[in-house]
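[1] give me the fold of what follows.
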Amino acid sequence: MLRLRAVELARMVREGEVKAEEVIEAFYERVAKVDGKVRAFVRLIKERALEEARRIDQTVAKRGRLGKLAGVPIAIKDNICIKGVEVTCASKILAGYRPPYDATVVARIKAEDGIIMGLTNMDEFAMGSSTENSAYGPTRNPWSLDRVPGGSSGGSAAAVAARMAPLALGSDTGGSIRCPAAFCSIVGLKPTYGHVSRYGLIAYACSLEQIGPMARTVEDCALLLSIIAGRDPKDSTTVNPPRPFNLSEVKGEVKGVRIAVPKELFGEGTEPRVAEEVWKAIHLLEELGAKYEEVSMPSLKYALATYYVIAMSEASSNLARYDGVRYGFRANAEGDWSKVYSKTREEGFGPEVKRRIILGTFALSAGYYGRYYLKALKVRSLIRNEYLSMLKKFDVIISPTMPTPPFEIGEKVEDPLSMYMMDVDTVPVNLAGVPAVSVPCGFIDGLPVGLQVAGRFFEEAAILNVALAIETELKLYSKEPEVA
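    Below is the predicted model:
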């Protein structure tokens with residue numbers, strides 16, 4: 001049962017071949033067996049899940065209608081609101097916060113009879129690429145427990161990779177879905193900005209982030225996207241796409257597909273063996289009828305600096321609301337409001353969050369706003385325009401998802417700049433707002449390598465189609481990590 005795809009599980013539950021309660025019990029047993037080593041989950045809601053499973057089984061017995069996710073367990077990142085369940089963004093400062101509402105994506109999953117298992121670990125406030133910056137401690141990579149699973153949605157990726165959940169939701173601000181998907185050998189999609197509602201996503205950098213699906217296979221990933229995507233009146237940044245996402249268009253046929261391969265995304269810092277695995281997959285697509293061309297996108301060399309100025313500035317603004325007065329953690333301090341506020345934030349935030357708030361506040365301060373933040377916005381426009389121009393000539397853009405295989409836990413903690421450099425291939429997509437998916441393309445010394453496919457606005461079907469072609473040929477989803 002643990003090896004079945006989400007589409008298979010949902011069909012079996014709907015047709016009465018297996019009970020939803022049995023499915024849920026099986027996955028919680030798996031969590032009990034392996035999560036002590038992996039530490040993917042920070043909070044489980046087993047009784048709620050079992051209650052929902054029993055309701056679904058009763059509906060099946062009465063021959064009632066069930067949704068596309070009937071009885072399928074889903075893990076949710078700890079920055080997406082679930083009504084009445086503590087959500088903390090893996091931060092001490094939000095301890096005890098229980099949202100009075102469901103995020104739109106959670107409501108849509110429930111409407112299709114998906115079952116929420118619990119909340120997964122992450123880098124605090126989604127700030128990181130390794131899931132080490134967490135108040136709950138690090139999550140470990142199921143493929144090698146001394147390695148990071150990527151971040152910031154590392155808990156979601158590790159849960160799927162270790163067969164603790166068939167589906168998961170993450171959020172992606174600069175690669176936070178695609179990075180852990182690559183490091184854990186699963187499929188992770190960052191949708192077009194505005195394609196999925198952010199209502200109920202606790203904000204880090206509003207102009208960059210999107211909620212997206214994570215799964216073992218492209219088909220499962222596409223299924224979850226089809227449920228969470230679409231206009232939401234509660235989120236003014238969502239739009240009605242020119243054409244709704246259509247699952248039937250994801251066929252894995254790539255004959256005639258035009259592929260751009262930017263040399264800047266294979267540049268300094270990219271491990272040669274990672275580049276080799278990605279090129280093998282590109283040549284495989286060529287054998288299937290696709291055509292590729294190496295290209296240059298000069299603006300990409302400015303993407304990392306541009307991203308961090310914008311992201312940290314928005315973080316400084318968004319995180320100002322955590323004052324210890326209205327909800328969450330409050331320091332045991334005396335004095336006026338400003339002293340209590342400062343002490344609460346000093347004790348409640350971790351080092352990486354403080355670093356980003358300080359740098360973002362500096363970039364927005366008088367005398368520096370024009371030199372940093374405003375200039376970054378202008379460069380962002382250049383990057384976006386270059387993507388749009390390239391995607392007029394080509395159907396998709398392919399690159400490595402991450403420049404290296406998963407690194408060791410603790411290896412980059414004391415060197416934040418080297419950690420930031422890990423995002424070099426993923427952040428341009430967030431700046432441009434276009435969709436991108438990471439799909440497994442190989443292994444190096446037993447460690448996963450991911451390939452990134454980016455495409456035009458709202459053409460998720462096109463990039464998933466290319467990803468499915470790679471998946472169909474390589475069948476890496478059948479490999480399992482050895483975590484007991």
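[2] Ala467 and Leu451: what is the separation?
    Distance from Ala467 to Leu451, counting by CB to CB, to the nearest Å: 8 Å. Placement of C-beta: from N, CA and C, glycine included.
[3] centroid-nearest residue for the protein?
    Among the residues of the chain, Ile177 comes closest to the average C-alpha position under CA atoms, centre = their mean, at 2.1 Å.
[4] quick check, Val218 in contact with Ala469.
    No - taking contacts as CB atoms under 8 Å, Val218 lies outside contact range of Ala469: 9.1 Å.
[5] for the two, list the residues in contact with both.
    Gly252 (CB atoms under 8 Å, 6 or more residues apart in numbering).
[6] in the protein, which helix has the most residues?
    Using DSSP state H, we find that the single longest helix of the chain is helix 373-393.
[7] next SSE after it?
    Per DSSP states H and E, the first helix or strand lying C-terminal to helix 373-393 is strand 396-400.
[8] for whichever helix or strand comes after that next one, list the C-alpha coordinates in PDB.
    Next helix or strand after strand 396-400 toward the C-terminus (DSSP H and E): helix 416-421. C-alpha atoms of helix 416-421 as PDB (Å, rounded to 0.1, in the frame of the first residue of the first chain):
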ATOM      1  CA  PRO A 416      25.500  31.600   5.100                       C
ATOM      2  CA  LEU A 417      26.800  32.900   1.800                       C
ATOM      3  CA  SER A 418      27.700  29.300   0.600                       C
ATOM      4  CA  MET A 419      24.200  28.300   1.700                       C
ATOM      5  CA  TYR A 420      22.600  31.200  -0.300                       C
ATOM      6  CA  MET A 421      24.700  30.100  -3.400                       C
END
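[9] for the next helix or strand after helix 416-421, packing partners?
    Counting by DSSP H and E, the element after helix 416-421 in chain order, helix or strand, is helix 427-432. Of the remaining helices and strands, those touching helix 427-432 by 3 or more CB pairs under 8 Å, 6 or more residues apart in numbering; DSSP states H and E are helix 303-318, helix 373-393.
[10] out of those, which is the most enclosed?
    helix 303-318 (a mean of 22; mean count of other CB atoms under 10 Å).
[11] neighbouring strands - and their directions - for the one helix or strand Leu189 maps to?
    With secondary structure defined by DSSP H and E, Leu189 is part of strand 187-190. Strand 187-190 pairs in its sheet with strand 210-215 (antiparallel), strand 436-444 (antiparallel), by DSSP bridges.
[12] pLDDT on the shortest one, on average?
    Same thing as strand 210-215. Regarding strand 210-215, the rounded mean pLDDT is 98.
[13] for stretch 243-260, same thing?
    For stretch 243-260, the mean pLDDT works out to 94.
[14] quick one: buried residues of it?
    Buried residues in stretch 243-260, counted by 16 or more other CB atoms under 10 Å: 245, 250, 252-254, 257, 259-260.
[15] how far away from the center of its chain is that stretch?
    Offset of stretch 243-260 from its chain centre (CA atoms, centre = their mean, to the nearest Å): 22 Å.
[16] and the end-to-end length of it?
    Terminal residues of stretch 243-260 are spaced 24 Å apart (CA to CA, to the nearest Å).
[17] picking that back up, got CSV for the helices and strands packed on helix 427-432, with mean pLDDT too?
    Conversion of the helices and strands packed on helix 427-432 to CSV gives the following (pLDDT from 0 to 100):
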stretch, mean pLDDT
helix 303-318, 97
helix 373-393, 98
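[18] mind putting those in CSV, distance to Leu50 included?
    Shown next, in CSV, are the helices and strands packed on helix 427-432 (distance: least, CB to CB, whole Å):
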stretch, distance to Leu50
helix 303-318, 36
helix 373-393, 46
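[19] so which of the ones you listed is nearest Arg163?
    helix 303-318 (32.8 Å; CB to CB).
[20] other SSEs contacting whichever helix or strand comes after that closest one?
    Later in the chain than helix 303-318, the nearest helix or strand by DSSP H and E is helix 337-348. With contacts defined as 3+ CB pairs under 8 Å, 6+ apart, helix 337-348 has no helix or strand neighbours.
[21] contact partners of helix 337-348?
    With contact meaning CB under 8 Å, 6+ apart, helix 337-348 is reached by 91-93, 322-325, 328-331, 333-334, 354.
[22] 6 Å - rerun?
    92-93, 323-324, 329-331, 333 (CB atoms under 6 Å, 6 or more residues apart in numbering).
[23] just give the number of residues close to Cys206.
    14 (other CB atoms under 10 Å).
[24] now the nearest residue to it once chain neighbours are set aside: how far from Thr88?
    Spatially, and ignoring its direct neighbours in sequence, Cys206 is nearest to Glu314 (6.0 Å; CB to CB, 6 or more residues apart in numbering). Glu314 sits 20 Å away from Thr88, going by CB to CB.
[25] same deal with Gly269?
    Gly269 sits 33 Å away from Thr88, going by CB to CB.
[26] which parts of the strand holding Leu189 are buried?
    By neighbour count on 16+ other CB under 10 Å, the buried set for strand 187-190 is 187-190.
[27] coming back round to it: by neighbour count, which of the contacts of helix 337-348 wins?
    With neighbours taken as other CB under 10 Å, the top of the contacts of helix 337-348 is Ile93, carrying 26 neighbours.
[28] need phi/psi at it.
    When read as degrees, to the nearest 10, the backbone of Ile93 gives phi -70, psi -20.
[29] please apply the same query to Val261.
    Main-chain dihedrals, Val261, degrees, to the nearest 10: phi -120, psi 100.
[30] not counting residues beside it along the chain, what's closest to it?
    Glu294 (5.0 Å).
[31] same check on Val453?
    Leaving aside its sequence neighbours, Val453 sits nearest to Ile463 (CB to CB, 6+ apart; 4.4 Å).
[32] thought Arg456 was touching that neighbour, still the case?
    No - in this structure, Ile463 is not within contact of Arg456 by CB atoms under 6 Å, at 8.8 Å.
[33] and the two? Which one has more around it.
    Ile463 (27 against 19).
[34] surely the more buried one is in a strand?
    No - according to DSSP: H, G, I helix; E, B strand; the rest coil, Ile463 belongs to no strand; its state is helix.
[35] from Arg30, how far off is it?
    Distance from Ile463 to Arg30, by CB to CB: 30 Å.
[36] now do Tyr97
    Tyr97 is 28 Å from Arg30, where distance means CB to CB.
[37] then Gly170?
    Distance of Gly170 to Arg30, computed by CB to CB: 20 Å.
[38] more crowded one of those two?
    When Gly170 and Arg30 are compared for neighbours, Gly170 comes out ahead with 34 against 18, by other CB under 10 Å.
[39] so how far is Ser153 from that one?
    3 Å.
[40] identify the contacts common to those two.
    Applying CB under 6 Å, 6+ apart, one finds that Gly170 and Ser153 are jointly contacted by 77, 177.
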